[in-house]
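Trainee: The following comprises the amino acid sequence and a computationally predicted model.
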Amino acid sequence: MSESIRVAVLGASGRMGTTTVRAVQEADGLELVAALDAGDDLRAVTDAGAQVAVDFTVPSVTEQNVHVLVDAGVHAVVGTTGWDDGSLGRVHDHLLRAPGVGVVVAPNFALGAVLAMSFARQAARWFESAEVVELHHPDKVDAPSGTARHTAQGIAAARAAAGLGSVPDATTQALDGARGADVDGVRVHAVRLRGLVAHEEILLGNTGEMLTIRHDSFDRVSFMPGVLLAVRRVVDRPGLTVGLEHLLGLPA
Ligand SMILES: NC(=O)C1=CN([C@@H]2O[C@H](COP(=O)(O)OP(=O)(O)OC[C@H]3O[C@@H](n4cnc5c(N)ncnc54)[C@H](OP(=O)(O)O)[C@@H]3O)[C@@H](O)[C@H]2O)C=CC1
Ligand SMILES: O=C(O)C1=N[C@H](C(=O)O)C[C@H](O)C1
């Protein structure tokens with residue numbers, strides 16, 4: 001029988017961290033060896049012999065955590081938001097000097113959300129208009145969500161590849177923020193509402209029709225199959241992987 005993968009969880013007392021700790025403890029072939037939160041020394045990860053660390057912390061610390069893990073030869077599965085081209089590029093370059101170490105950064109580990117983003121990328125080329133609405137619990141600190149950014153970037157790339165121009169928008173007078181954030185030319189709107197967990201609607205419009213792609217996470221357990229898949233796969237996947245779609249065999 002093969003040995004269990006030894007896993008550490010960073011941000012272990014948070015909403016995602018507590019759910020991840022439970023999922024790792026209950027998963028076949030995984031062993032939870034460290035659970036760290038704010039103020040804990042990251043050296044506890046290596047002291048415990050962890051092979052993989054899962055990061056669900058806060059945007060301000062996640063990149064630094066990953067560099068420390070890579071230096072220690074620990075694979076990382078990162079769900080924390082706040083990543084951009086600059087921080088991803090630095091991790092990519094760091095991994096060139098750490099052969100064999102893998103890092104998976106995924107803005108959303110829910111299988112339905114990853115599929116929704118993939119469907120949006122496929123559909124985007126056929127529609128004149130596209131906007132994204134994300135809806136979350138009011139304790140979320142960042143807006144728009146990492147998922148909405150990733151969705152909008154995918155739509156924008158698909159539109160550009162298809163030679164589509166700007167989305168039509170005659171707005172010349174608006175209150176600040178009324179048209180949402182501009183992510184690569186795609187408008188993204190953020191709702192914060194008590195009772196919600198994590199939800200997204202992708203609206204695609206043509207004259208006389210609209211396609212709505214919607215995903216709802218009603219419970220944080222929805223992210224766990226994706227997290228566990230990434231933990232199991234990252235040990236054999238050196239370098240940087242951005243997005244769970246690459247582990248699911250979906251078109252990127
Ligand atoms: N990719 C995905 O599928 C998902 C991603 N997320 C993202 O995951 C992140 C966490 O979300 P959520 O669990 O709701 O947030 P929480 O605020 O509930 O949890 C974050 C935890 O990290 C702790 N923390 C802060 N700094 C450090 C540090 N340096 N080392 C270790 N732990 C630290 C916080 O402690 P303290 O409160 O004391 O500061 C807190 O316990 C967010 O960026 C969110 O957007 C969320 C859901 C799914
Ligand atoms: O903070 C959350 O809750 C979530 N964060 C991630 C994001 O910003 O996309 C993933 C999911 O939407 C839940």
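Mentor: In hand now; what should we look at? Treat the numbers as computed from the prediction; the structure is a model and nothing was measured. Ligands and ions are numbered 1, 2, ... in the order given.

Trainee: residues from the protein in reach of ligand 1?
Mentor: The chain has residues 10-11, 13-17, 36-38, 56-59, 61, 79-81, 106-109, 146, 223 near ligand 1, with proximity defined as Cβ under 6 Å from any ligand atom. Heads up, the C-betas are built off the backbone N, CA and C, glycines and all.

Trainee: How far off centre is stretch 2-16?
Mentor: Per Cα atoms, centre = their mean, to the nearest Å, the displacement of stretch 2-16 from the mean C-alpha position of its chain is 17 Å.

Trainee: then it to CSV, C-alphas only?
Mentor: C-alpha atoms of stretch 2-16 as CSV (Å, rounded to 0.1, in the frame of the first residue of the first chain):
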residue,chain,number,x,y,z
SER,A,2,1.4,3.5,-0.9
GLU,A,3,2.1,5.9,1.9
SER,A,4,-0.3,8.8,2.7
ILE,A,5,0.5,12.3,1.4
ARG,A,6,1.4,14.5,4.4
VAL,A,7,-0.6,17.7,4.3
ALA,A,8,-0.4,21.1,6.1
VAL,A,9,-3.2,23.6,6.1
LEU,A,10,-2.4,27.4,6.3
GLY,A,11,-5.3,29.6,7.5
ALA,A,12,-6.6,26.6,9.4
SER,A,13,-8.9,28.6,11.7
GLY,A,14,-10.7,30.4,8.8
ARG,A,15,-13.9,29.5,7.0
MET,A,16,-12.1,27.6,4.2
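
Trainee: Quick check: buried residues in that stretch?
Mentor: 5-12, 14, 16 (16 or more other Cβ atoms under 10 Å).
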